[in-house]
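Colleague: Here's my sequence, what's the structure:
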Amino acid sequence: MAEGHADVLADAKALGRQRAYEVPIEELNPARASAFRDDAHWAYFERLRAEDPVHYTPDSNYGAFWSITKYNDIVAVDSNHGAFSSASGITLNPRLSALPPEAQLRLARQGAPSFIGMDPPDHDVQRKTVSPAVAPARLHEMAPQIRERAGVILDSLPIGEPFDWVDLVSKELTTMTLATLFDFPFDERRKLTFWSDTMTTAPGHGPVATYQEQRDALADCRDYFIRLWNARVNAPPQGDLISLLAHGEATRNCTMDEYFSNITLLIIGGNDTTRNTISGSIFALNRFPDQYDKLRANPGLIPSMVAETIRWQTPLAHMSRVALEDVELGGKLIRKGDKVVMWYVSGNRDEEVIRDPDNYIIDRERPRQHMSFGFGIHRCVGNRLAELQLTIIWEEILKRFPEVRLLEEPKRSYSIFVKGYETMKVMIPTRT
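Modeller: Next comes the predicted model:
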């Protein structure tokens, strides 16, 4: 790998560890996008799990919030929608941070949330509307098409030359699949990638430079999907996500704000998470070459490897809730109206629940024991589709390439929410 960039990253990680342990615990704030970009966030969560697993940050760019960092505590919050609400938003949001908790909740409820930002019963009926698009029968139908596309993508890759795996493989496969789910014009599918990145990355650190450019891009996205809605609502019902929303009993009379909120959720959920896990698998197997050897020797380990990658990568670092009542957790009193952040990225490295969690072990005894998909009513609706894409792409990789070699440290996302990769330079030395 390129030594210069690796040295810079090593220095940043060392500085991050120093900062995580030198600050008084009551002042520790794990919500730092720069730490995630530099892969220097681990020490913050390591310390919190050991010293203060239910931790209060009184002031930050995102306002005050509780950090929940242990596996079982996260499960307790995520599974208790009666005490912890999604209706004020599911991520730390700097734009609302200046408001007191009750005002944040009130403002969020005045908007148009997607179904992941709802509590029962509204959540349940809207989630049920889109579920057929990723039901087992539908995935069985999609699998041959995903495999064919994976083959075309992999067969087009250069041999013996450096290229960006994120761009040519991870983005391409997931965007193709997402375009199919939406029945989106296929030759314009990269718009979905652009819009997803625009939604999840702060201006200046992603595809747009300013908040005005971000607003303009999302306005274009909204207009595009409203045109698709108008076309589908006047056509017979079909199995794509837009048609399901346009004809669903719970969603056909929704406002365009409500419709677009669900669209943004589906764009991000169908794009960023799987894409970054595909890239994460390349990074992990290169970082742990003994596991790559194990996989090549036994391709039957692919399903286990996929589950382990989803845990080890944790493509979405956190989700948040707001307490609906006073709740005691880990000896701390979380008061009604408080913001509570479940750090999945920390729970997936909890030593008390997962053996040797920092290591990547593709034949773990319980590889699906992870929290990357969440728990309870908000468990990721597309989790099986994500696993299917990852399984197929690796089945096709192993048929073709003895090695996909990482050439340098990847460029990571500047985000406390999407834990992913902007670029990843690799080389395929030879074909099988």
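Colleague: For the residue nearest to Gly16 when sequence neighbours are not counted, report the pLDDT, please.
Modeller: Using C-beta to C-beta, 6 or more residues apart in numbering and skipping the chain neighbours, the partner closest in space to Gly16 is Ala40 (2.6 Å). Heads up, the C-betas are built off the backbone N, CA and C, glycines and all. Looking at Ala40, its pLDDT is 94.
Colleague: Next, the contact list for Ala235, please.
Modeller: Ser243 (C-beta atoms under 8 Å, 6 or more residues apart in numbering).
Colleague: That one in helix, strand or coil?
Modeller: coil (DSSP: H, G, I helix; E, B strand; the rest coil).
Colleague: how near is it to Ala246?
Modeller: 9 Å (C-beta to C-beta, to the nearest Å).
Colleague: got it, and Lys419?
Modeller: 33 Å.
Colleague: And these two? Which one has more around it.
Modeller: Taking neighbours as other C-beta atoms under 10 Å, Lys419 and Ala246 compare with Lys419 leading, 25 against 22.
Colleague: wait, isn't that one in contact with Asn276?
Modeller: Yes - contact status for Lys419 versus Asn276: in contact at 6.8 Å, counting by C-beta atoms under 8 Å.
Colleague: Pull up the overlap in contacts between those two.
Modeller: Gln313, Pro315, Ser413.
Colleague: wait, which of these is closest to Leu181?
Modeller: Each of those was checked against Leu181 using C-beta to C-beta; the closest is Pro315, at 17.7 Å.
Colleague: so the closest one makes contact with Ile278?
Modeller: No - using C-beta under 8 Å, Pro315 is not in contact with Ile278, being 9.7 Å away.
Colleague: The two: which is more packed in?
Modeller: Shown here are Pro315 and Ile278; by other C-beta under 10 Å, Ile278 has more neighbours (29 against 26).
Colleague: Could you check how many residues crowd around Glu296?
Modeller: That one is not Glu; residue 296 is Arg. Around Arg296 there are 14 residues (other C-beta under 10 Å).
Colleague: ok, now which ones touch the residue nearest the centre of the chain?
Modeller: Nearest to the mean C-alpha position of the chain, counting by C-alpha atoms, centre = their mean, stands Leu316 at 3.2 Å. Counting by C-beta under 8 Å, 6+ apart, Leu316 makes contact with Asp272, Thr273, Tyr344, Ser372, Phe417, Val418, Lys419.
Colleague: low-confidence ranges in this structure?
Modeller: Scanning the chain for pLDDT under 70 picks out 1-9, 94-134, 377-379, 381-382.
Colleague: Now, the contacts of Leu316 that are in helices?
Modeller: Among the contacts of Leu316, the members falling in helices (DSSP state H) are Asp272, Thr273, Tyr344.
Colleague: thought the last one was touching Cys380?
Modeller: No - the pair Tyr344 and Cys380 does not pass the contact test of C-beta under 8 Å, sitting 10.9 Å apart.
Colleague: More neighbours: which of those two?
Modeller: Taking other C-beta under 10 Å, Tyr344 and Cys380 do not tie; Tyr344 has more neighbours (27 against 16).
Colleague: excluding its backbone neighbours, what's nearest that one?
Modeller: Met371 (5.0 Å).
Colleague: quick one: contacts for the one you found?
Modeller: Tyr71, Ile74, Val75, Asp78, Tyr344, Gly347, Asn348.
Colleague: Out of those residues, the closest to Thr180 would be?
Modeller: Tyr344 (27.4 Å).
Colleague: I figured Glu422 was touching Ser413, is that so?
Modeller: Yes - Glu422 is within contact range of Ser413, at 5.9 Å (criterion: C-beta under 8 Å).
Colleague: Who has more neighbours out of the two?
Modeller: Ser413 (25 against 20).
Colleague: thought that one was touching Met424?
Modeller: No - Ser413 lies out of contact with Met424 (C-beta under 8 Å); the separation is 11.6 Å.
Colleague: Pull the number of nearby residues for the closest residue to Met142 other than its chain neighbours.
Modeller: For Met142, ignoring the flanking residues on the chain, the nearest one in space by C-beta to C-beta, 6+ apart is Thr180 at 6.9 Å. A count of nearby residues for Thr180, using other C-beta under 10 Å, gives 19.
Colleague: ok, which stretches of the stretch 151-300 of the chain are strands?
Modeller: 163-164 (DSSP state E, counting those that start in this stretch).
Colleague: hey, where'd the helices end up in it?
Modeller: Assigned helices in the stretch 151-300 of the chain, in chain order: 165, 171-182, 190-200, 211-233, 241-247, 256-287, 289-297 (criterion: DSSP state H, counting those that start in this stretch).
Colleague: For Asn61, find the nearest of those.
Modeller: Using C-beta to C-beta, the nearest of these to Asn61 is helix 211-233, at 14.8 Å.
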